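Colleague: for reference, the sequence and a predicted model appear below.
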Amino acid sequence: MATPTNGVIDVWAQPGFPQLLHMPEMESLRRWAKMTPPPEGIPIELTLAEMDATGVEKAFLRAWMRPEEVIISNDDIAAIVQKYPDRFLGMATVDPRRPMNAVRE
């Protein structure tokens, strides 16, 4: 049975995409969580199940970019939000070094 939500919103979340989970920068987090993520990442449905189990009603999913590459695109986030609009809100990211691309995005 799911925990009642009581309106809890997680305001900083990312989907468990493999390109994020396996970044070298995440090593300390993986070690702290005693977690070895599967090569294919964590399905968003597992995130939903965890949200249900812990009483989280909604989560803001954030796109993720670093200077050399996009890790989780705005389109990736939009697709998840579109599939589960009652559970997720999306936060876009842009490259501030490319302001016109950011405006178009």
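Modeller: That came through, no problem.

Colleague: low-confidence ranges in the protein?
Modeller: Residues of the chain meeting the criterion pLDDT under 70: 1-6.

Colleague: go ahead and flag the most central residue of it.
Modeller: Nearest residue to the geometric centre of the chain (CA atoms, centre = their mean): Q14, 1.4 Å.

Colleague: looking at it, it is touching A59, isn't it?
Modeller: No - in this structure, Q14 is not within contact of A59 by CB atoms under 8 Å, at 9.5 Å. From N, CA and C alone the C-beta is placed, and that goes for glycine too.

Colleague: just confirm W64 contacts P15, I think it does.
Modeller: No - assessed by CB under 8 Å, W64 is found out of contact with P15, at 9.4 Å.

Colleague: which residues does W64 contact?
Modeller: W64 makes contact with 14, 20, 70-72, 93, according to CB atoms under 8 Å, 6 or more residues apart in numbering.

Colleague: try P96
Modeller: For P96, the contact set (CB under 8 Å, 6+ apart) comprises A102.

Colleague: cool, and the one 5 residues further on?
Modeller: For N101, the residues meeting the contact criterion (CB under 8 Å, 6+ apart) are 94-95.

Colleague: over to it. Which of the three states is it?
Modeller: Recorded secondary structure, N101: helix (DSSP: H, G, I helix; E, B strand; the rest coil).
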